[in-house]
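Peer 1: Make a model of this:
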Amino acid sequence: MSMTTGATMSRKPNRRGVAAREKLLSTAVEMLGTGRPETVSINMVAKEAGLSWGSVQNLFGDSDGFWSAVADQVAEHGAELWSRPQSTTLAGRVAEVAQLYSAVLESPYAVTIETMRWALPRPLELLAETHPRTAASIRHLDELSILAFNRFFDGVEGLDEERRAAMSEVLPAMLRSLRNERLLGTHIDIERAHRVIVSMLTSYLEG
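Peer 2: Take a look at the predicted model:
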């Protein structure tokens, strides 16, 4: 993965530049969405898009600008992955959002961010030192995810706000861990574990 030190300001792209920018970003999501860590390479993405590293520099400034733009591209499409809740009960909402987020985690957009985070410097604090714009974009994605979880429970009466806030942090982490178990190979019953997570968090929210 090519890196440069110090972000440079890029010119506002013309029509051809806009098309090249969109091509690079869509290609990045397509490649990183496969989950292959070797795809976190700007040179590889540019080559697949039929462009060059020079094009990336002109459009994004440096590697930090590019990966930040990829994360922002994911954020733009994030709302499309969330459906409106159907259940009016607390238990029903927990079951719905757990099923929904499990599906979100399998989407190319979520896998793109996951692949980036494994390949780029981590944890996020270290990434902020080497790629500050990318780290800020990923933090923004995390904030949007928490907001989406909270909004999913709007209209449910008697729900403690502190518990809802805690759930919006805990449930995504638990479902990501469950997904990692499945990807790495495990002896546990994934479906049963999912049901237990839903049951535990429902009980917690009900107080």
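
Peer 1: so what pLDDT did Ala166 get?
Peer 2: Looking at Ala166, its pLDDT is 91.

Peer 1: neighbours of it, just the number please.
Peer 2: By other CB atoms under 10 Å, the residues close to Ala166 number 14. (C-beta placed from N, C-alpha, C; glycine too.)

Peer 1: can you check Ala128 too?
Peer 2: Ala128: 16 neighbours (other CB under 10 Å).

Peer 1: so which strand or helix has it?
Peer 2: helix 124-130 (DSSP states H and E).

Peer 1: ok, and for the longest helix anywhere in the chain, which residues are buried?
Peer 2: In the chain, taking DSSP state H as the definition, the longest helix is helix 161-184. Residues Arg164, Met167, Ser168, Leu171, Pro172, Met174, Leu175, Leu178, Arg179 are the ones in helix 161-184 that count as buried (16 or more other CB atoms under 10 Å).

Peer 1: Does the second one touch Leu201 like I think?
Peer 2: This means Met167. Yes: using CB atoms under 8 Å, Met167 and Leu201 qualify as a contacting pair, with a distance of 5.7 Å.

Peer 1: Now the common contact residues for those two.
Peer 2: Common neighbours of Met167 and Leu201, using CB atoms under 8 Å, 6 or more residues apart in numbering, are Val94.

Peer 1: how about low-confidence regions in the chain?
Peer 2: 1-13 (pLDDT under 70).

Peer 1: That one: helices as residue ranges?
Peer 2: Going by DSSP H, the chain shows helices at 15-32, 42-48, 53-60, 63-78, 90-105, 108-119, 124-130, 132-152, 161-184, 190-206.

Peer 1: Let me have these in CSV, adding distance to Arg84 as columns.
Peer 2: As requested, these are arranged in CSV below (distance: least, CB to CB, whole Å):
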stretch, distance to Arg84
helix 15-32, 25
helix 42-48, 34
helix 53-60, 35
helix 63-78, 15
helix 90-105, 10
helix 108-119, 19
helix 124-130, 31
helix 132-152, 9
helix 161-184, 17
helix 190-206, 19
